[in-house]
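Asks: no letters, just coordinates:
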C-alpha cells in the first residue's frame with residue numbers, strides 16, 4: 001500500500017473517531033453519529049408530512065386519545081425527551097406494526113392496537129418506539145451506511161479492483177457489510193430499544209410484566225421467528241422475551 005493510501009486511511013479513522021459524540025440513554029452505549037440533531041429532526045419531520053399526506057388517520061377518537069395519553073406519560077418521565085416536539089398518530093391500517101421517526105413523530109397502526117390487551121401493552125410498544133428516537137437509532141444507522149459506503153470505496157482503491165469487476169465487488173462488499181455490520185447493529189438497536197422502553201414504561205408507572213405478555217402474543221402471530229437470526233433485523237422472539245424478563249428483574 002502506498003504512503004498516500006495509508007495517510008488517507010489514517011485521516012478517515014481520525015475523522016470517524018472524532019464523530020463519536022453520542023451516548024445512548026439508559027444503556028450508556030457509545031454511538032457513531034455523523035449528522036446533527038437538527039438534520040435528524042428535519043429528516044423525520046419531512047417524512048412525517050409525507051406519511052400523513054398519504055395515510056388515513058383513525059376516526060376513533062377514544063383509541064387515538066389513549067395512544068396520545070400513553071405517549072405523553074412516557075415522554076414526561078424522560079429528561080432526554082424534552083428536546084423533541086412529540087406527536088402521536090393512529091393510522092387506519094391492518095398492518096401489525098408501529099414506528100417512530102427521528103425528531104419525535106410516533107405512528108401506531110390500528111392493526112397492532114387490536115392485539116393489545118391494555119394500556120400497559122400500548123406502553124410497551126410506545127416506550128420501544130420513543131426509545132429509538134431518544135437513542136438516535138435512525139441517525140446512527142444512516143451513519144453506519146455512510147461509513148460502509150466510504151469503506152467500500154477505500155477498500156476498492158487499496159485492492160486495486162479492476163473496472164470490469166467493480167460491479168461484482170460492490171455486490172460482494174454490500175452483502176458482507178450488511179450481514180456483518182448493518183444487520184447486527186439493527187438487532188442491537190432493537191434490543192436496546194426494548195431495554196430503554198421497558199425502563200421508561202416502568203418509570204411511568206406501567207406494569208412491565210405486560211411487556212412480556214405482549215411479545216409472547218407477537219411471537220404467537222409469527223413475528224421474526226420466520227427469518228434466520230443472522231439475517232434478521234430484529235432479535236429472535238425467544239431471545240427478546242428472555243432479555244426483557246431478565247431486565248425487568250433488575251428494576252426497582
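Replies: Right, received. Where do you want to start? Keep in mind the model is a prediction, meaning the values are calculated, not measured.
Asks: just checking, what packs against the strand or helix carrying residue 187?
Replies: Using DSSP states H and E, residue 187 sits within helix 183-203. Counting contacts by 3 or more C-beta pairs under 8 Å, 6 or more residues apart in numbering; DSSP states H and E, helix 183-203 packs against helix 119-134, helix 137-159, helix 209-220, helix 237-248. C-beta here means a position set from N, CA and C on the backbone, and glycine is covered the same way.
Asks: deepest-packed of those, please.
Replies: Comparing the helices and strands packed on helix 183-203 by mean neighbour count (mean count of other C-beta atoms under 10 Å), helix 119-134 ranks first with a mean of 25.
Asks: elements contacting that one?
Replies: Using 3+ C-beta pairs under 8 Å, 6+ apart: helix 119-134 touches helix 61-75, strand 98-101, strand 105-109, helix 183-203, helix 209-220.
Asks: tell me the most buried of these?
Replies: Scoring the helices and strands packed on helix 119-134 by mean count of other C-beta under 10 Å, the most buried comes out as strand 105-109, with a mean of 24.
Asks: who does it pair up with?
Replies: Partners of strand 105-109 in the sheet, by DSSP bridges, are strand 87-91 (parallel), strand 98-101 (antiparallel).
Asks: which of those has the lowest average pLDDT?
Replies: Ranked by mean pLDDT, the strands paired with strand 105-109 bottom out at strand 98-101, with a mean of 87.
Asks: quick one: contacts of that one?
Replies: 43-45, 47-48, 106-109, 112, 125-126, 129-130, 132-133, 138 (C-beta atoms under 8 Å, 6 or more residues apart in numbering).
Asks: if you set the cut-off to 6 Å instead, what comes out?
Replies: Here strand 98-101 makes contact (C-beta atoms under 6 Å, 6 or more residues apart in numbering) with 44, 47-48, 106-108, 112, 125, 129, 132-133.
Asks: ok, and the closest non-adjacent residue to residue 37?
Replies: Sequence neighbours aside, residue 83 is the residue nearest to residue 37 in space, at 7.3 Å (criterion: C-beta to C-beta, 6 or more residues apart in numbering).
Asks: ignore what I typed, I meant residue 207.
Replies: Closest residue in space to residue 207, ignoring its immediate chain neighbours: residue 120 at 4.4 Å, by C-beta to C-beta, 6+ apart.
Asks: ok, back up a step: any idea of the mean pLDDT for the helix holding residue 187?
Replies: Rounded mean pLDDT across helix 183-203 is 83.
Asks: do you know how far the residue nearest to residue 37 is from residue 212?
Replies: Distance of residue 83 to residue 212, computed by C-beta to C-beta, to the nearest Å: 31 Å.
Asks: check whether residue 112 really touches residue 94, as I assumed.
Replies: No - counting by C-beta atoms under 6 Å, residue 112 sits too far from residue 94 to count as a contact (9.4 Å).
Asks: looking at the two, which is more packed in?
Replies: Neighbours were counted for residue 112 and for residue 94 using other C-beta atoms under 10 Å; residue 112 has more, 20 against 10.
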